[in-house]
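Trainee: take a look and give me a structure for this.
(one chain, ligands or ions: 1)
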Amino acid sequence: MPLAASEGAKVLYRAEVQDEAKFEFTIPETGDYHLVLDNRAGTSIRSVHVSASVTEIMAGENSAPDTAKPGTVPYAIASLKAKLRLAFIFDELQIDVGACGHANAYSGPKRVLICVEHIARLKDELGETQKVRDALLFTLLHEIGHVMLRQWSYPFYDNEEVADEIATAIMVMFNEAAAVRTQAAYFAEIPSQSEADKKLVIDDRHPLSVQRARNILRWLDDPDFLKKWQTVLVPHMQTTLLETLARKPQPWSSLELVEQELVRRN
Ligand SMILES: [Zn+2]
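Mentor: So this is what the prediction gives:
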């Protein structure tokens, strides 16, 4: 179908491009979409290389970020999932927020449940601040970590410390180290005695929060920790991310692992 402004063509994304540009957006519905390169204002011939990759959001999954309001929990969840899909290859993942009767979060083979009581407690204890968003992000990645590791057949997917590790490693990758520190500070403030008493009553396999705080701070300052997690994460990274990391290595990335993986895929 020819694209004409008179037909009321809607623009999903528009940008001036120089040298190199990268952008992502969510397609709102099934249909034909066109990429228009406009160099009419230019005087010289340009050669352009374009590559596109499609990340399918499976039916039944959370709605795209642009249908939720920024600053809300559904928005935070949808944005995180979109970001994870761009970075990693994994199967179906449903994230729900619901009433549980107590403050907690759970994960299954392809589902994460965040209890509304957990979010209410974060708001209660951290105030209506950015810290709530940071701590919620950590909770989400801890639970999603269980799910992804299970889908990737990682033997210790069920281990609570391992889930804290992958949450920390992914948050560093996503430039969220400051949010990890918020979570560590929050863990450090939970009094150990009352927590230990509670653990005797309910079966809770998480280490004490003060211990989790110490672990997280240690991992953040340990370059070997981040390198170690790259061996788990690189085989499940999207090829576009691997290509980006090959071109622009990051402090946490391993160029050797990235290049090996790219060779293996080709
Ligand atoms: Zn867990």
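Trainee: which bits of the stretch 151-266 of the chain sit near the ion?
Mentor: Contact residues, the stretch 151-266 of the chain versus the ion (C-beta under 5 Å from the ion): E160, A163. The C-beta positions use only the backbone N, C-alpha and C, and glycine is treated the same way.
Trainee: gap between G127 and A105?
Mentor: Distance of G127 to A105, computed by C-beta to C-beta, to the nearest Å: 20 Å.
Trainee: compare those two (neighbour count), which wins?
Mentor: It is A105, of G127 and A105, that has more neighbours when counted by other C-beta atoms under 10 Å, with 19 against 10.
Trainee: now do the contacts for that one.
Mentor: When contacts are counted by C-beta atoms under 8 Å, 6 or more residues apart in numbering, A105 touches V112, L113, I114, C115, H118, T139, L140, H142, E143.
Trainee: mind running it again at 10 Å?
Mentor: By C-beta atoms under 10 Å, 6 or more residues apart in numbering, the contact set of A105 is 97, 112-115, 117-119, 136, 139-140, 142-143, 146.
Trainee: check which helix or strand covers T240.
Mentor: helix 239-247 (DSSP states H and E).
Trainee: where in the chain is pLDDT low?
Mentor: Filtered on pLDDT under 70, the chain yields the residue ranges 1-9, 24-30, 53-67, 191-205.
Trainee: all helices for it, in order.
Mentor: For the chain, helices defined by DSSP state H occupy the ranges 73-87, 116-126, 130-151, 160-173, 177-189, 192-201, 209-220, 223-233, 239-247, 255-265.
Trainee: quick one: the last one to chain centroid distance?
Mentor: Average the C-alpha atoms of helix 255-265, do the same for its chain, and the two points are 22 Å apart (C-alpha atoms, centre = their mean, to the nearest Å).
Trainee: buried ones in that helix?
Mentor: Burial within helix 255-265, assessed by neighbour count using 16 or more other C-beta atoms under 10 Å, is assigned to L257, V258, E261, L262.
Trainee: likewise the first one?
Mentor: Along helix 73-87, these residues count as buried under the neighbour rule (16+ other C-beta under 10 Å): V73, Y75, A76, I77, A78, S79, L80, K81, A82, L84, R85, A87.
Trainee: again with the shortest one
Mentor: Within helix 239-247, the residues scored as buried using 16+ other C-beta under 10 Å are L241, L242, T244, L245.
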